[in-house]
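# Pasted the sequence and its predicted model underneath.
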Amino acid sequence: MSFFESLRDKAVATITQVLDKKEEVKLTKDELFCKEYNLPDGETILSESAAEVGVKSSHNKDAYKNIPFPQGRVYATQHFLVFRDLFDHRNCCFTIHLLSVKKVERLPSRDYGFALTITTHSQISVTLYLIGLRSDSEKFAQTLKVILKKNLSNINKFQIFLKTCYSEYLLAKNQISNEKIDSPPNGGLGLEFKFPGNAKDSKDKSKMKLWFDLFRVDGRNLSLIKTPMFYKLVRVGLPNRLRGEIWELCCGSMYLRLADQTEYEKLLSQNMHKKSIAIEEIEKDLNRSLPEYSGYQSPIGIERLRRVLTAFSWKNPEIGYCQAMNIVVAALLIYMSEEQAFWTLNLLCDKIVPGYYSKTMYGTLLDQRVFESLVQSTLPMIWEHVEKNDIQLSVVSLPWFLSLYLTSMPLVFAFRIIDIFFLQGAKTLFQVGLAILKVNGEELLKTNDDGTFISIIKEYFNTLDQSAHPNSPNPKFRNITKFQELLVTAFKEFSIINDEMINKHRLKYRDSIFQNISSFVKRTEIRNLPKLANIDQATLSIIYDRFYAFVESYNVTLGSGSSLMDFKAFKRFMNDICDWIDNRDHQGAGVTTDDFLRRLFDNWDVEGAGFISLSDLVIGLNKLVEKDLMTSISNFFELYDVRKLGRIDREGILQVSEDLLCITSPWKDGILFDRITDGLISQTALNEQKKNPDFEGEIIIDRLKFEHQQIERYLSGASTFIQRAFEYAQPVEEEILIQDLVMDNKISHNAALNPNTPVFVNLPTFRMVVLADETYELFFSKTFRKSIHLDKPLDSKFDSIRNLRSMFDGLLADGRKVARVVRDRVDVAANNVLHNNEDNSSMKSSKSKVHEEEEERDDDFGVISINEADKDLLLGAEAQVLTDPVHPGSGANRDLKRLHQENGNVPDSERKDEKGEIKNLIEFDNS
């Protein structure tokens, strides 16, 4: 049964503190508009109108010939002109930044009709045939004119920005653009360390040529007209050099980068040399970020990753850093410059997948519940099987969502998923996840445990490049890879999964997700702890809550949660459960309980990293509350046997004595009574009662007398311990057998006063010295254990819901292992191809070599045309998914027909200037 539905507890009161407040408030019309069109926050609709749009390109005047004019609605905001087709936005839509507008002209017409022609820096002319009252059209034109003039002050910023776009360089180099760009802009690590995959196999050159042609016809970057071809080209996979720019164009981070071109460097310079918890966490993960990629085996890649993550942590202190974030940024930096990656990460965390990389990870966890619900409704057989066998589906799928599939499948395929993810948003993650389960459904239904279920998925990811139908007699079917099959399944069969459906599911499960997820992960983590003889499950649950309560109280400053406890948090943890910890300020006075706590911490820190995990803690506590006397003494001895030689030297003996003196202080000072004293008090009370059997009042006991007796007993025990320890200590040169030792209360001399004689005690001797004193024997068998209250309830001031962001680091690590194996296999295959090519190259003519060199170039299309076979292959069935042509039907607006007719019937005398050319009214000119 699903772990979500098996937990019925109500959400805790503090749940409202971690919910996304923005989602609780109904969005305004302008906020919904910005969200729908990926515009920066703060844009508002200043004017809008129904419109029909005509597009012309100066580089290909026949491109839009005989194509019906798209009908829809046009909006003007402070910085953008937005249009979307009424029938299907994939048919035609654009978000033109007003800085890219060069000229606006009003077309001449008679009484009816109103049309504006907008010319962009891409040399694309967009004609808006405004529909409605003429006064409203006039108002729209006037508003557009005003805001265009307001944007003129930023034109220099726009020119600088264009030089950072590879599309501008591409067209300028091929003499299509008038922009003067002499060198390519900064790009990703792939330029220096090569891009993942084989560029020739992925037809990267052909893809680049198709994009080059699209830029000539439909514009580019800030003035691109998105047509069905745009969506097809994204779906078949972006060319390496353009991938970063298209990503930021699709998601809208390009607009943020244009608006704040200096913020990234400013954040780094203003916070240089500053320290934070987030930066400490970043440093730990830098070398674990896609380590298989050569760029992150170099200081160059590591430094870029450090800078982006650090700048983000300073800009977003409430988030700081989350471990999975390093994987995502490492992937972005392969194709993007630092600044591009920085703004894309900001948009990713804030809008595309809000809550995925937050302190509570609530977005990821909520979407796991949504994913399970979608599996239940769309794949009922698999869902029933999962429930029947208690398979934790979210444990399998969570790494897919949190790392955007980067740790699950080879990078060359994961980047294809991310291409579509930036185009259509978070629903991509759900569609691909459902497709993975459907494609492997037959095999998954044969499993009955988590391990086998996960293994099948891993093996599938290992073979994504292999044929989906290897035994088919049809060669076309044999050429379809498993990855292509996955894409068609995801975006054709699961096209019903849209944003509206996902948001409804999120709203349904949001209020209960935190308690359910927290309870599940808690059970899972406790279940994975080693078996403990001295701590039961109920107590483990309390320890778990207390551990994460204290860990989070120290790591919440910059939103950087951790699953490890440092010494400072450890001291507070132990102080909360132990009677013997001294909280007084000694101001440099001798040995304190801090020294013993430090010894415990260092002993339990098995990796010597300065942190202990929950597992380290419970193993250590289990030893500390050991019930068996001999084992308890052995565990204490182990704390001081630092070199694991089975002996404690002279210095160690003194430290043992001092620590025992400190941790027995509550009994030595008479604050607490041990069992001996309690027994004496009880016996005295019983004797008094026997003397006066008829006395019904409260028997008065002189507790002060018993307190002094206990103090003397503990002081005597401490003195006796140090004396006997050195009396029976053995010289380093000569070991004395335990049976040769004779217990004698008379001490002949104090070996501690002779530092020239190295001595030690071994475990048998140590046990003998402890057992020789009744007080210390009781201390190790009962008193010390009873003073540690592991089952003490957690103070209500602490939130029992731990920081969920760090819970799934292990899952991500496991996913990285799988992806690493797959990448190694892909690299080997690529190297084999490379070696084969090298062997064959010796037989090629110099003419062939020149052709090969030309194929490596991706920015010069002066004499190269795309192979039509490649074009057909690239734009085949896979690209047609979700890009079927839209036919508006016969409902052409009669007013629009009249408008076009009116525009065509204007007398030439009214349309032409003195030179005989058609004249338009100039509304705005920035040429």
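Happy to help now that I have it. Numbering: from 1, shown residues only.
# Could you use CA atoms for every contact and neighbour count after this?
Fine.
# mind listing the strands for the chain?
Per DSSP state E, the chain carries strands over the ranges 47-57, 71-76, 80-85, 93-97, 101-106, 114-120, 124-131, 225-226, 647-649, 730-731, 759-762, 921-925.
# pLDDT of stretch 68-81, averaged?
Stretch 68-81 shows a mean pLDDT of 93 in the predicted model.
# Kindly format the C-alpha coordinates of that stretch as CSV.
Extracted as CSV, the C-alpha positions of stretch 68-81 are listed here (Å, rounded to 0.1, in the frame of the first residue of the first chain):
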residue,chain,number,x,y,z
PRO,A,68,-3.5,31.8,-42.9
PHE,A,69,-3.0,34.8,-40.7
PRO,A,70,-3.0,33.6,-37.0
GLN,A,71,-5.8,35.1,-34.9
GLY,A,72,-5.5,35.8,-31.2
ARG,A,73,-4.9,38.6,-28.7
VAL,A,74,-2.0,41.0,-28.4
TYR,A,75,-0.8,42.5,-25.2
ALA,A,76,1.5,45.4,-24.4
THR,A,77,3.3,45.5,-21.0
GLN,A,78,6.1,47.8,-19.7
HIS,A,79,8.8,45.9,-21.7
PHE,A,80,7.1,43.3,-23.9
LEU,A,81,4.7,42.9,-26.8
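# Next, the buried residues of it.
For stretch 68-81, the neighbour count (16 or more other CA atoms under 10 Å) marks 69-81 as buried.
# Same check on stretch 252-271?
Under 16+ other CA under 10 Å, the buried positions of stretch 252-271 are 252-257, 264, 267-268.
# how long is it from one end to the other?
27 Å (CA to CA, to the nearest Å).
# contacts for it?
Outside stretch 252-271, the residues that touch it by CA atoms under 8 Å, 6 or more residues apart in numbering are 38-40, 157-158, 161, 245, 248-249, 307, 310-311, 314-315, 339-340, 342-344, 347.
# Apply 6 Å and report the result again.
38, 248, 311, 343-344 (CA atoms under 6 Å, 6 or more residues apart in numbering).
# Pull out the buried members of those.
Buried among these by 16+ other CA under 10 Å: 38, 248, 311, 343-344.
# By pLDDT, give me the weakest of the residues you listed.
Among these, residue 38 has the weakest pLDDT, 93.
# so who does that one touch?
Per CA under 6 Å, 6+ apart, neighbours of residue 38: residue 252.
# Tell me the pLDDT of the most centrally placed residue in the chain.
The centroid of the chain falls nearest to residue 324 when counting by CA atoms, centre = their mean (3.3 Å). Listed pLDDT for residue 324 reads 87.
# next one: residue 137
Value for residue 137, per-residue pLDDT: 92.
# tell me, how many neighbours does the spatially closest residue to residue 180 that is not a sequence neighbour end up with?
With sequence-adjacent residues excluded and distances taken as CA to CA, 6 or more residues apart in numbering, residue 180 is closest to residue 172, at 6.8 Å. By other CA atoms under 10 Å, 18 other residues sit near residue 172.
# any idea how far residue 59 is from residue 172?
Relative to residue 59, and taking CA to CA, residue 172 is found at 13 Å.
# what's the answer for residue 293, then?
40 Å.
# which one of these two has more residues nearby?
residue 293 (22 against 17).
# phi, psi of the more buried one?
Dihedral pair for residue 293: phi -80, psi 130, per degrees, to the nearest 10.
# hang on, isn't residue 189 packed against residue 336?
No. With contact defined as CA atoms under 6 Å, residue 189 does not count as touching residue 336 (7.6 Å).
# Excluding residues flanking it in the chain, which one is nearest residue 325?
Going by CA to CA, 6+ apart, residue 325 has residue 357 as its nearest residue, at 6.9 Å.
# what's around that neighbour, how many residues?
Residues near residue 357, counting by other CA under 10 Å, number 24.
# Same check on the one 5 residues further on?
Number of residues near residue 362 (other CA under 10 Å) recorded here: 24.
# Repeat that for residue 284.
Count around residue 284 with other CA under 10 Å applied: 10.
# And residue 475, by the same measure?
Residues near residue 475, counting by other CA under 10 Å, number 11.
# Helices of the stretch 101-250 of the chain, residue ranges please.
In the stretch 101-250 of the chain, helices defined by DSSP state H, counting those that start in this stretch lie at 134-151, 155-162, 166-173, 190-193, 204-218, 228-235, 240-251, listed in chain order.
# Save these as TSV, and put in distance to residue 458 too.
Converted to TSV, those look like this (distance: least, CA to CA, whole Å):
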stretch	distance to residue 458
helix 134-151	52
helix 155-162	43
helix 166-173	37
helix 190-193	27
helix 204-218	28
helix 228-235	24
helix 240-251	27
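# Can you pull out the low-pLDDT segments for the stretch 51-200 of the chain?
Counting by pLDDT under 70, the stretch 51-200 of the chain shows low-confidence ranges at 61-65, 109-112.
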